[in-house]
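Student: below are the sequence and a predicted model for it; my questions follow.
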Amino acid sequence: MGPVIEKAFRKGKPAAVALVINSPGGSPVQSSLIAGRIRRLAEEKEIPVHAFVEDVAASGGYWLACAADDIWTDPASIVGSIGVISAGFGLPVFLARQGVERRVYTSGKSKSQLDPFQPEKKEDVERLKGLLEDMHTVFIDYVKARRGAKLSNDGSLFSGEFWLGGRATELGLVDGQADVMTKLRALYGRDVRIARYGRKRGLFSRFGANIAQDAIAAVEDRASFARYGL
């Protein structure tokens, strides 16, 4: 992703960079790193950045959108989910029924915390919740820094809820409804030209060498989008 972003800002002296976002989220660290690189290049090159949301910009997807100077959606786009989540499964009862004994040896008291094959421990859960709260604060601070006075004082803003484009505009999460071409023509004239950049799949990947990995990734991606009814 890094080289693609660099190329968008450096090739051909662009008048602006448009981010077309369709993401239900992902790693908060990766979202932060990508957003940071976008801001660094925008300031270094003095190039405005506009974000356009397709189906969804939620959680880490919205974090990326906030890297832009303004955010535009479709009326039916889903925006928000400003929160942090950690999910998994616990299997100790299943293992016990199968007669399987879990053996773990560590040199640190907390090294095996949250092991899904062992009973959940209250202190591990409390520590995890503390980490999630800290990460949530980092997310909130970034949104406030980028959106500033545009944000409303609605109490649900940082609750993890998500909204359609119109309501997101009222909350100050986005700037309005517009599609890429219409907005860019309004800003830069009807003769505006768009150079599109994106990841290219490798030769072996294109010929199906990663079928198993692609299938798993597709299922995970589908599950992430399903959280928003998509």
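Tutor: Yes, it's here. Numbers count the residues shown, from 1 in each chain.
Student: rest of the way, CA atoms for contacts and neighbours
Tutor: OK.
Student: neighbours of residue 99, how many?
Tutor: The local packing of residue 99 (other Cα atoms under 10 Å) involves 9 other residues.
Student: could you do residue 85 as well?
Tutor: Other residues close to residue 85 by other Cα under 10 Å number 13.
Student: mind listing what it touches?
Tutor: residue 132 (Cα atoms under 8 Å, 6 or more residues apart in numbering).
Student: now with 10 Å?
Tutor: 26, 28, 59, 129, 132-133, 135-136, 160 (Cα atoms under 10 Å, 6 or more residues apart in numbering).
Student: residue 174: which of these is nearest?
Tutor: residue 59 (14.0 Å; Cα to Cα).
Student: give the residue spans of this structure that score low on pLDDT.
Tutor: 1, 199-223, 229-230 (pLDDT under 70).
Student: what would the contacts of residue 85 look like in JSON lines with neighbour count and distance to residue 123?
Tutor: As requested, the contacts of residue 85 are arranged in JSON lines below (neighbours: other Cα atoms under 10 Å; distance: Cα to Cα, whole Å):
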{"residue": "26", "neighbour count": "16", "distance to residue 123": "26"}
{"residue": "28", "neighbour count": "21", "distance to residue 123": "24"}
{"residue": "59", "neighbour count": "27", "distance to residue 123": "27"}
{"residue": "129", "neighbour count": "15", "distance to residue 123": "10"}
{"residue": "132", "neighbour count": "16", "distance to residue 123": "14"}
{"residue": "133", "neighbour count": "15", "distance to residue 123": "15"}
{"residue": "135", "neighbour count": "17", "distance to residue 123": "19"}
{"residue": "136", "neighbour count": "20", "distance to residue 123": "20"}
{"residue": "160", "neighbour count": "15", "distance to residue 123": "24"}
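Student: point to the residue nearest the middle of this structure.
Tutor: Taking Cα atoms, centre = their mean as the criterion, residue 60 is the residue nearest the geometric centre of the chain, at 1.9 Å.
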